[in-house]
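Engineer: A predicted structure for the sequence below; I have some questions about it.
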Amino acid sequence: MAKSELIGYARKSNLGSALKICLLKEAVDKAKTITGKDGTEYICLIINAAKVRLILNDEHEVTSVCQLFDESPQED
């Protein structure tokens with residue numbers, strides 16, 4: 001089962017021509033990472049695409065930015 005952790009929020013920029021994403025620094029510092037083949041670490045986040053469309057169409061003001069991770073225990 002997957003668990004969702006709030007990392008921040010997304011909203012339309014003041015000029016309305018971009019999506020502004022604000023992330024909680026503490027949440028980013030604690031976020032789970034994945035490592036690419038070249039050794040680079042990444043934080044994978046999700047934003048609901050339907051909610052983003054509503055924001056861009058001025059039908060909604062804000063939506064969450066989250067990280068999903070599996071709650072099941074990992075085996076070594």
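Structural biologist: Everything's here; your move. Computed from a predicted structure; not experimentally measured.
Engineer: how about the helices in the protein?
Structural biologist: Ranges of helices within the chain are 25-30, 49-56, based on DSSP state H.
Engineer: How far does the longest one sit from its chain's centre?
Structural biologist: Looking back up the chat, that one is helix 49-56. Here helix 49-56 shows a centroid-to-chain-centroid distance of 14 Å under the convention C-alpha atoms, centre = their mean, to the nearest Å.
Engineer: Show me what F69 is bridged to.
Structural biologist: Beta bridges link F69 to K3, judged by DSSP bridges.
Engineer: Surely it and A2 touch.
Structural biologist: Yes. Contact criterion C-beta atoms under 8 Å: F69 and A2 qualify, at 6.7 Å. Placement of C-beta: from N, CA and C, glycine included.
Engineer: Okay, now the unreliable bits of the protein?
Structural biologist: Within the chain, the stretches with pLDDT under 70 are 71-76.
Engineer: For it, which segments count as strands?
Structural biologist: For the chain, the strands defined by DSSP state E occupy 2-12, 19-23, 34-35, 41-42, 62-70.
Engineer: Render the CA-only coordinates of the last one in CSV, please.
Structural biologist: By that I understand strand 62-70. The C-alpha coordinates for strand 62-70 follow below in CSV (Å, rounded to 0.1, in the frame of the first residue of the first chain):
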residue,chain,number,x,y,z
VAL,A,62,-4.0,25.4,-5.4
THR,A,63,-3.2,21.7,-5.2
SER,A,64,-0.8,19.6,-3.2
VAL,A,65,2.7,18.4,-4.2
CYS,A,66,3.3,15.0,-2.7
GLN,A,67,5.7,12.1,-2.5
LEU,A,68,4.4,8.6,-2.7
PHE,A,69,6.2,5.7,-1.2
ASP,A,70,5.4,2.1,-0.5
